[in-house]
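Visitor: Build the 3D model from these lines:
(2 chains)
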Amino acid sequence: MDLFTEGDPIADTRAPDGPIETRWERRRFEAKLVNPANRRKMTVIVVGTGLAGGSAAATLAEQGYRVKSYCYQDSPRRAHSIAAQGGINAAKNYRNDGDSVHRLFYDTVKGGDFRSRESNVHRLAEVSVNIIDQCVAQGVPFAREYGGLLDTRSFGGAQVQRTFYARGQTGQQLLLGAYQALERQIGLGNVEMNTRHEMLELIVVDGKARGIVVRDMVTGEITTEFADAVVLASGGYGNVFYLSTNAKGCNVTATWRAHRKGAYFANPCYTQIHPTCIPVSGDHQSKLTLMSESLRNDGRVWVPKVKGDDRAPRDIPEDERDYYLERIYPSFGNLVPRDIASRAAKNVCDSGRGVGPTKLGVYLDFTDAIDRLGRKAIEAKYGNLFEMYERITGEDPYEVPMRIYPAVHYTMGGLWVDYDLQSTIPGLFVIGEANFSDHGANRLGASALMQGLADGYFVLPNTVANYLSAGPFEKIDGSHPAAVEARRDVEDRIQRLLAVDGDRTVDSFHRELGQIMWEHCGMERSEAGLRKAIDEIRALRDQFWQRVRVPGDGEGLNQSLEKAGRVADFFELAELMCIDALHREESCGGHFRAEHQSPDGEAQRDDEHFAYVAAWEFTATGEPSVLHKEDLNFEYVHPTQRSYK
Amino acid sequence: MNLTLRIWRQSGPEDKGRMVKYQVDDVSPDMSFLEMLDVLNERLILAGEEPVAFDHDCREGICGMCGLMINGDAHGPQRGTTACQLHMRQFSDGETIDIEPWRARAFPVIKDLVVNRNAFDKIIAAGGYITAPTGSAPEAHSVPVAKANADSAFESAACIGCGACVAACPNGSGMLFTAAKVTQLSLLPQGQPERYTRVIGMVDAHDEAGFGGCTNAGECTAVCPKGIPLTTIGRLNRDYLAATTKQGDTPGT
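Guide: Numbers count the residues shown, from 1 in each chain, chains lettered A, B, ... in the order given. Alright, predicted model coming up:
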């Protein structure tokens, strides 16, 4: 059986034409508005309360829509955006170092290895400056200079200092800003907040997204919820690898269920492996912890020059160390983009020069920076990260170099959206990491926070209004056949999971799936490996449905049941990721195919055949998906072989 | 190492609950505390028993979802550390470890070690924000903020809302949590217009949610994983006093 079939290309992304710097303004002007009195009559469901979902829910409520917000955590403040450390990019050019909207746009398109949409990325760069203003007004305590103005720092993939930060907790501070704006609206009665609720199905009526099926994770009650538009801000799918820097609860269920209902899934194989994470310590490992990319500003990455050099790092003299990033990439050095730094680490470890007990690690050494700037300055910049490292590893990074290794961190792929952030299902909007739109095949550091807030504060509120101007739509309730069916699907699925009563735990399946994905669909992919992975995933999925054991019942808090539903969806996604990776016969950004590399081991794109977005349409379980191509046209940034040398 | 755990089991809000003893063997010192509980749960599931419910999410000490009383200490023996970042090298072979949920009137138990902390959100909804509707913000550099104030504001803003302060307080008070937000926003120029209405709204919501009063016992700051200082409560008290005398005024007017 063929793995997929090919359908019609995607003809219209609804992006305006004309000069790129005028497109967003034109779109906003042409978008229809909703009169304030009518906004009260319309409801928008927002799933997820991270930077994208939290900011969108707060802003839509400010504008007068009725908002229903859902999160699986016990408070909207805990969404995983909170764990983002390093910073947020904005083209403020406060440093007078040559930055501009156009340069941020250029760096992001190039950083994404020419696999993103120019129009979207330009809009992102434009609104980046408004985000900083907005966050400062909300009381986000960004780092400041002695003169009272905002401080910035460098990040990978850029040669200007455009990254705003709040020590190593920028995501936390930005999220709390959005959360507080959201809580204000909750207090005013404009947002109905539903914590510990999980979206398990999308309700589509007459081709429009009109609601969701949710499970109250405390009581087990399943309800149908309706709205005039549905916004998914449910994050990425990195947990398909089991071990990742995502929170334990992060999952693909909301977007996967929407995909099964007709929303195309774009570029699922584009995953970002972050170069600076704490290495795995044993089989018990339940998640991986990131050490902010900002550490590469002052830390130097090295391994011993000679294979099998087991001396303590301090005993290895300077001339017997290989500062491989500085050696291979002299102009960007330790600040090369993430995909390049990760692969370089893998290569030195594959060549037997890895360090630490598992030999899957490289040193990130702060000795020079401490000598140059003093321990106090390093403490002020990275104190919390150093402490975190010591708590986890038991080693003091002021004395002994950190050991780091790449780990799954972010997924550039996601539900396909047009310029308005609307999916292929009318009325279903997708924002933040859950969509695919802005980062191409590789996201630059400090750009996830920028995109989440751009979508939620500034883009979606405009585009959703254009859609709602045709509303309010016909009132529906739980007795509508589409709602009854969606609800029954959810209930059946839960009963099926509980009924297996096998002999393996959900986690044991999830770990095994993660190993398959890491091995064959991780930092390096090959045709043989991907084909093998697809077979293994299918076999393991069959095993899952025959042997999984989910204790308890569906009537109350049942954390095993929650996990089981998520892992079942990861199985389906994993297969599509491998098919996408297999069909993309080129290397680009985070997608590295062993068959497609330059003589010196760099990713080799094939612009002639693969300068498109791969948008996958679901057909039926076990049936091949349909590939729809959206051609990417580059009018402003001419694709070149990315070089950071 | 081999450990004996005594864990609070409670099937739901109505159940009385009890401590149940479990043996966990071959624990690696490199495991996190929650990974050790994962090992126990895997075993319980295969043995046909109900696994222990506990809250957790990011497992890197920032989301604030996890919270366990470990041997009577909120988040366990290591200072400045959440339960998810506590590693088993802090314990010794043969030890008996008691694990209980947060216990406070404002945080009712949902199941086993899981409690309801919605009361914290209500405090924030009552004023823990700066009113700045999207799009209305002035240019970020139009108001400089002294670095010392920005740094102090950050120190308070680092609160993760885990609730350890409440669990450790003999009165079950949420004052450190409330004061951290009041302090952050009152140190910033953007926070001044609502400074006094904020503190009154938040303190009222705090009291209504069933938290106890603060008697400066200081247990809260001792267990706070982010080291929020007790001086924030002093600052809240000063603002509260000022607010009750000039409610409705804005500073400088």
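Visitor: If I look at residue A:343, what pLDDT would I see?
Guide: Listed pLDDT for residue A:343 reads 92.
Visitor: Tell me, how many residues neighbour it?
Guide: Using other CB atoms under 10 Å in any protein chain shown, residue A:343 has 23 neighbouring residues. Using the backbone N, CA and C atoms, a C-beta is placed for each residue, glycine as well.
Visitor: Equivalent analysis for residue B:40, please.
Guide: Neighbours of residue B:40 (other CB under 10 Å): 19.
Visitor: you'd agree it is up against residue B:52?
Guide: Yes: distance between residue B:40 and residue B:52: 6.7 Å, which falls inside the contact criterion (CB atoms under 8 Å).
Visitor: Quickly list the domain ranges of chain A.
Guide: Following automatic domain parsing, chain A resolves into domains at A:274-408, A:481-631.
Visitor: Make CSV from those and add distance to residue B:208 to it.
Guide: CSV is the format used below for the domains of chain A (distance: least, CB to CB, whole Å):
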stretch, distance to residue B:208
domain A:274-408, 34
domain A:481-631, 26
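Visitor: so which of those domains comes closest to residue B:161?
Guide: Relative to residue B:161, the nearest member of those by CB to CB is domain A:274-408, separated by 16.9 Å.
Visitor: need the next SSE after the worst-scoring helix or strand of chain A on mean pLDDT, C-terminal direction.
Guide: Lowest by mean pLDDT, DSSP states H and E among the helices and strands of chain A is helix A:375-393, with a mean of 90. Sequence order places strand A:402-411 as the next helix or strand after helix A:375-393, per DSSP states H and E.
Visitor: which strands and helices sit next to that following strand?
Guide: strand A:271-277, helix A:338-350, strand A:362-365 (3 or more CB pairs under 8 Å, 6 or more residues apart in numbering or on different chains; DSSP states H and E).
Visitor: As JSON lines, those with distance to chain B would be great.
Guide: Below are the helices and strands packed on strand A:402-411 laid out as JSON lines (distance: least, CB to the nearest CB, whole Å):
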{"stretch": "strand A:271-277", "distance to chain B": "11"}
{"stretch": "helix A:338-350", "distance to chain B": "18"}
{"stretch": "strand A:362-365", "distance to chain B": "17"}
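Visitor: and those, which is most packed in?
Guide: strand A:271-277 (a mean of 28; mean count of other CB atoms under 10 Å in any protein chain shown).
Visitor: before we move on, what SS does the nearest residue to residue A:256 once chain neighbours are set aside have?
Guide: Nearest residue to residue A:256, sequence neighbours excluded (CB to CB, 6 or more residues apart in numbering or on different chains): residue A:569, at 4.4 Å. Secondary structure of residue A:569, reduced to three states by DSSP: H, G, I helix; E, B strand; the rest coil: helix.
Visitor: okay but residue A:569 is in contact with residue A:252, surely?
Guide: Yes: if you go by CB under 8 Å, residue A:569 and residue A:252 touch, sitting 5.4 Å apart.
Visitor: quick revisit: which residues touch the residue nearest to residue A:256?
Guide: Contacts here follow CB atoms under 8 Å, 6 or more residues apart in numbering or on different chains; on that basis residue A:569 touches A:251-253, A:256-257.
Visitor: Chain B versus that one, what's the distance?
Guide: 18 Å (CB to the nearest CB, to the nearest Å).
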